[in-house]
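J.: no sequence for this one, just the structure:
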């Protein structure tokens with residue numbers, strides 16, 4: 001009998017194909033039924049109605065196998081106008097809830113009874129038919145009759161089933177030019193990401209995009225922008241530093257002049273339905289006429305996934321369904337065939353298992369060898385025989401190898417919760433399927449590996465360039481972390497070791513989510529650092545995950561103890577749990593070894609249940625070697641810089657004395673990087689009461705060698721002058737001391753003088769100019785003249801006969817003493833020279849000594865665009881006018 005008001009038969013149509021399958025009353029049958037209907041309709045070329053048919057079948061099979069607890073028979077019938085799907089169960093007593101009948105109608109958020117409501121909403125026609133032993137629920141989906149111009153159309157849906165979006169849907173439109181730079185940025189983009197157009201135009205999209213990929217294993221952002229069309233998810237780092245997940249559609253276009261650009265449409269990821277293209281699969285004739293049947297397509301289905309991960313996932317799902325299992329898994333062998341790496345699974349905690357590794361030869365009473373088929377009738381009888389299934393509740397398992405030309409490339413397994421489910425017959429069936437797909441899997445794996453290796457090489461070249469570009473320790477640490485996160489790991493920490501007697505110190509922590517950094521740093525600071533083992537390669541470190549787990553437990557207990565009070569612990573427990581999740585996956589430590597010494601450790605981590613791929617660990621090991629050398633170079637440079645600066649500071653005069661009635665100012669610039677003093681030097685010191693000595697000189701060359709002669713000259717001048725020697729005698733004895741240095745000696749130009757302030761406001765000077773640029777005297781009337789005559793330089797001839805000259809500085813007069821770094825300042829063929837310096841000094845009438853020095857320095861710096869290449873010293877002395885005293 002049929003329920004009143006429900007149509008019980010379809011219109012007369014010619015049935016052109018049929019497919020049927022039965023499903024046992026177990027939970028996995030729902031997924032198997034969905035796959036059966038999807039593959040059947042896609043094979044018939046009815047992709048327009050696949051999604052609706054799968055949804056309705058899923059609900060009806062769920063009602064049968066879950067709620068009614070009976071087996072379900074699914075029948076698909078193809079007609080020229082559409083498809084009819086029938087689902088039959090063996091529980092005919094269940095009634096149909098009809099609207100208007102007084103019976104309660106199931107709510108859309110309930111599972112029980114929802115299938116018939118969806119039939120009413122989605123199907124063109126539907127009905128229920130009863131027999132004494134069975135109940136049939138059927139629905140008819142008609143192929144859409146599209147208006148002219150319609151490329152794709154979906155059915156009308158109830159409001160409750162429409163995709164969710166914000167009140168105001170914003171679509172960011174970003175145009176990228178040929179060079180990859182942002183050329184346009186609309187108002188919605190500014191609202192979504194917080195950047196005004198003038199902040200981003202001209203910059204590369206990669207500066208803002210958080211592109212989720214592993215080097216070489218998928219399309220990078222630059223490649224995606226070059227494709228004619230691309231669609232997918234990534235992140236945009238907003239102005240507040242947060243990464244905003246987006247769904248994007250890229251289209252490559254050209255303007256009227258033929259100039260290419262890429263138009264990117266972006267919406268928030270949860271609004272992806274606005275842009276997402278409906279999945280469409282080219283149909284084919286199910287009859288198979290005119291072509292041979294490919295055994296690979298028979299197992300995998302057509303079309304086969306074009307990426308390795310999709311192919312592996314399809315494989316395990318088909319293997320599970322083929323043997324009616326509860327779970328399935330596929331492992332791929334490493335290059336040396338010693339380990340197997342989990343790459344796909346279904347029915348298992350896949351996140352926890354993905355990329356986990358097990359040995360191929362696991363020894364006696366364990367996994368035996370993955371090179372041969374194996375059947376385990378009851379895992380409980382031999383605990384640990386299949387480590388991958390520990391704690392999963394699986395009792396029986398069958399595994400078969402994937403081989404190509406006799407070489408082990410992987411292992412495929414199917415498991416069941418009941419014992420004794422599998423025998424050699426199932427092993428043969430699974431082995432037959434494995435043989436069909438082994439070559440395709442290996443081909444896809446080699447393609448992925450080649451892409452990874454090319455990407456790894458590019459990554460390492462870029463990393464080497466960045467690391468070689470700095471000798472700053474802190475910047476090197478930051479670069480190490482930024483290159484690993486998020487490309488290689490979700491988070492990283494760098495420990496450094498100052499010397500062999502020191503403990504590792506946590507120097508830098510980085511997480512891809514900036515809000516997790518502080519919690520991660522606190523966690524790592526509270527546990528003992530990893531042991532600095534020099535053995536190369538990555539080793540697992542469980543301490544962070546264990547510490548985070550314990551912290552989460554303690555915080556949870558504390559929260560429960562205070563559940564009845566309004567305490568502000570919710571944010572604390574949220575942070576603790578987030579940190580525990582952030583470090584809950586695999587954590588590895590790689591030693592940083594440079595010059596046969598462990599100078600630190602690079603720690604990489606994954607979030608909960610994640611594992612590292614072997615290729616990623618190998619890439620991280622290569623990076624750690626380069627980073628260790630760069631970090632040690634930065635350490636050595638910093639140490640030598642500190643030593644050099646400390647020694648060189650000791651060569652500078654401790655300070656300038658206050659001379660009554662005379663203004664003094666000094667400017668000193670060293671040209672060598674990291675040198676605060678070099679070939680040029682100055683000094684001003686008291687000799688005796690009312691007598692002062694001053695000197696300005698230039699040692700041949702720059703750097704530490706010149707600085708050594710600088711120290712000798714400055715200290716010798718002070719010692720000899722205070723012993724009562726006059727200017728010529730002081731310089732003659734200094735000349736002998738320089739020559740005594742032998743091969744280490746450097747010739748030296750030197751202006752030395754003695755100054756006596758006078759009671760009438762003037763100043764008396766006696767000067768000796770040994771090969772040095774002549775001192776210039778600026779009179780109050782603006783005239784400039786040399787204040788001494790040139791004499792031979794020091795450090796060249798043994799017998800020198802020097803003489804001193806007397807100069808009187810009247811009130812308002814200035815004496816300017818410089819080194820050749822000032823007069824020999826060049827711009828191409830031009831040189832400042834003595835004449836240029838004279839012209840600058842002539843404009844300084846009435847200025848203080850400090851102002852004169854500053855004006856001279858400014859003139860030197862502006863004379864040429866390039867930085868100065870020679871040391872520079874400026875010593876200015878001025879006798880102020882009486883009304884200035």
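T.: Structure received. Small disclaimer: the values here were computed from a predicted structure and weren't measured.

J.: From start to finish, how long is stretch 764-783 in a straight line?
T.: With Cα to Cα, to the nearest Å as the measure, stretch 764-783 spans 19 Å from end to end.

J.: what comes up buried for that stretch?
T.: Across stretch 764-783, burial judged by 16 or more other Cβ atoms under 10 Å covers 765-778. Where C-beta positions appear, they are placed from N, C-alpha and C, glycine not excepted.

J.: separation between the residue lying farthest from the centre of the chain and residue 15?
T.: For the chain, the largest distance from the centre (Cα atoms, centre = their mean) belongs to residue 760, which lies 73.1 Å off. With the distance defined as Cβ to Cβ, to the nearest Å, residue 760 ends up 128 Å from residue 15.

J.: Tell me the one of the buried residues of stretch 764-783 nearest residue 843?
T.: Of all the buried residues of stretch 764-783, residue 843 sits closest to residue 778, with 9.7 Å by Cβ to Cβ.

J.: wait, doesn't residue 84 sit right on residue 139?
T.: Yes: under the criterion of Cβ atoms under 8 Å, residue 84 makes contact with residue 139 at 7.3 Å.

J.: Turn the buried residues of stretch 764-783 into JSON lines, including distance to residue 605 and secondary structure.
T.: Below are the buried residues of stretch 764-783 laid out as JSON lines (distance: Cβ to Cβ, whole Å; DSSP: H, G, I helix; E, B strand; the rest coil):
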{"residue": "765", "distance to residue 605": "71", "secondary structure": "strand"}
{"residue": "766", "distance to residue 605": "74", "secondary structure": "strand"}
{"residue": "767", "distance to residue 605": "70", "secondary structure": "strand"}
{"residue": "768", "distance to residue 605": "70", "secondary structure": "strand"}
{"residue": "769", "distance to residue 605": "68", "secondary structure": "strand"}
{"residue": "770", "distance to residue 605": "67", "secondary structure": "strand"}
{"residue": "771", "distance to residue 605": "65", "secondary structure": "coil"}
{"residue": "772", "distance to residue 605": "63", "secondary structure": "coil"}
{"residue": "773", "distance to residue 605": "63", "secondary structure": "coil"}
{"residue": "774", "distance to residue 605": "68", "secondary structure": "coil"}
{"residue": "775", "distance to residue 605": "67", "secondary structure": "coil"}
{"residue": "776", "distance to residue 605": "67", "secondary structure": "strand"}
{"residue": "777", "distance to residue 605": "71", "secondary structure": "strand"}
{"residue": "778", "distance to residue 605": "69", "secondary structure": "strand"}
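
J.: can you list these in JSON lines and add distance to residue 638 and pLDDT?
T.: JSON lines is the format used below for the buried residues of stretch 764-783 (distance: Cβ to Cβ, whole Å; pLDDT from 0 to 100):
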{"residue": "765", "distance to residue 638": "44", "pLDDT": "94"}
{"residue": "766", "distance to residue 638": "46", "pLDDT": "94"}
{"residue": "767", "distance to residue 638": "43", "pLDDT": "96"}
{"residue": "768", "distance to residue 638": "42", "pLDDT": "95"}
{"residue": "769", "distance to residue 638": "41", "pLDDT": "95"}
{"residue": "770", "distance to residue 638": "39", "pLDDT": "93"}
{"residue": "771", "distance to residue 638": "38", "pLDDT": "92"}
{"residue": "772", "distance to residue 638": "36", "pLDDT": "93"}
{"residue": "773", "distance to residue 638": "37", "pLDDT": "93"}
{"residue": "774", "distance to residue 638": "42", "pLDDT": "94"}
{"residue": "775", "distance to residue 638": "40", "pLDDT": "95"}
{"residue": "776", "distance to residue 638": "42", "pLDDT": "95"}
{"residue": "777", "distance to residue 638": "46", "pLDDT": "94"}
{"residue": "778", "distance to residue 638": "44", "pLDDT": "94"}
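
J.: Save the residues you listed as TSV, and put in distance to residue 712 too.
T.: Supplementary listing: those in TSV, determined by distance: Cβ to Cβ, whole Å:
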residue	distance to residue 712
765	25
766	23
767	21
768	18
769	20
770	15
771	17
772	17
773	21
774	24
775	23
776	28
777	30
778	32
